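*Asks:* Got a sequence here, can you model it:
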Amino acid sequence: MKKKEKNVVIDIAFNNWALNDTENQRWTKEWIERRMEIFMSFTAKSLEKQTNQNFTALVQYDDHTENLVKKAMRKYKRLPKNIKMIRHSELKMQFEDHIREAKYGYFVRLDSDDLYHESFIQQLHDFKGNEDIQVLINQKGYVYDAIQDRLATVSFKSPPFYTLVYKTEDYLKGYRYEMKGHRSIIEMPHHILENRNYTIIVHAQNTSTTFKEKYESGMINDPFEKKKVLTEFLGEEKNRLNMMGKLLNIVK
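*Replies:* Got it, this is the predicted structure:
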């Protein structure tokens, strides 16, 4: 059987990271329920809106919080089959299983509270040049203050919105690129995708207060342009306003 050219896998960390959470708040019932609301209202909607659904999203949670995660999920409609909540311990096996039948594995990084443009997966399937490229980089995007409904353009040289490209044969043999966080990806053999492909969601009240000062130069004030952009990431305005209403309730 002839192998497919590529399989796309989106890697989303739900609560299995450390960062500065020294008190492990991300393992608590309150944190999990709040993040589940944000994930379901924003990130999952962005994935469901992709014009090309030929991908698998693996949303990984810390193994010992499985009961809390599953309980939080019961409040929402069932996710599509290509969006899966899995234990962190299953990730390696799932990665391998989902790329095994393709020549290349495309591993997309996405946080559990951010978005990709509706055309992003299609752009990955359209991309040619696998032999020489290790990473596809999205430098340009948007930041959306979901508390006060404000949108601005942003651009970063080496952002956390990237896709690693592996030859499946090499990946299954254990080969991995040497990386030192997302700031190092610009040093790898790369291709820059020119579209504004991501949106960072600002959903914390203390962050929201600094939004205007930080993103003043890129602020989108035209309501029609803002509506067009957000529709391309999240869908119809009535759905987006409903999401914002829910978000306001959970940040209080």
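
*Asks:* For this protein, which segments are assigned as helices?
*Replies:* Per DSSP state H, the chain carries helices over the ranges 29-38, 44-48, 66-73, 91-99, 120-126, 168-172, 205-208, 211-215, 223-234, 237-251.

*Asks:* Out of the ones you listed, the one nearest Glu5 is which?
*Replies:* Proximity to Glu5 (Cβ to Cβ) singles out helix 120-126 among those, at 8.4 Å. All C-beta atoms are positioned from the backbone trio N, CA, C, and that covers glycine.

*Asks:* Show the contacting residues for Thr199.
*Replies:* Ser46, Asp114, Leu115, Tyr116, His117, Gly141, Tyr142, Val143, Tyr144, Val229, Phe233 (Cβ atoms under 8 Å, 6 or more residues apart in numbering).

*Asks:* Kindly recompute the last result at 6 Å.
*Replies:* The contact partners of Thr199, by Cβ atoms under 6 Å, 6 or more residues apart in numbering, come to Leu115, Tyr142, Tyr144, Phe233.

*Asks:* next one: Val165
*Replies:* Counting by Cβ under 6 Å, 6+ apart, Val165 touches Tyr106, Asn130, Ile133, Gln134.

*Asks:* what about stretch 190-201, start to end distance?
*Replies:* From its first residue to its last, stretch 190-201 covers 26 Å (Cα to Cα, to the nearest Å).

*Asks:* Quick one: mean pLDDT over it.
*Replies:* Average pLDDT, stretch 190-201: 97.

*Asks:* what do you get for stretch 102-110?
*Replies:* The pLDDT scores in stretch 102-110 average 97.

*Asks:* same check, this time on stretch 42-55
*Replies:* The average pLDDT for stretch 42-55 rounds to 97.

*Asks:* Touching it from outside, list them.
*Replies:* Contacts of stretch 42-55 (Cβ under 6 Å, 6+ apart): 8, 57, 83, 112, 115-116, 118-119, 121-122, 125, 201, 233-235.
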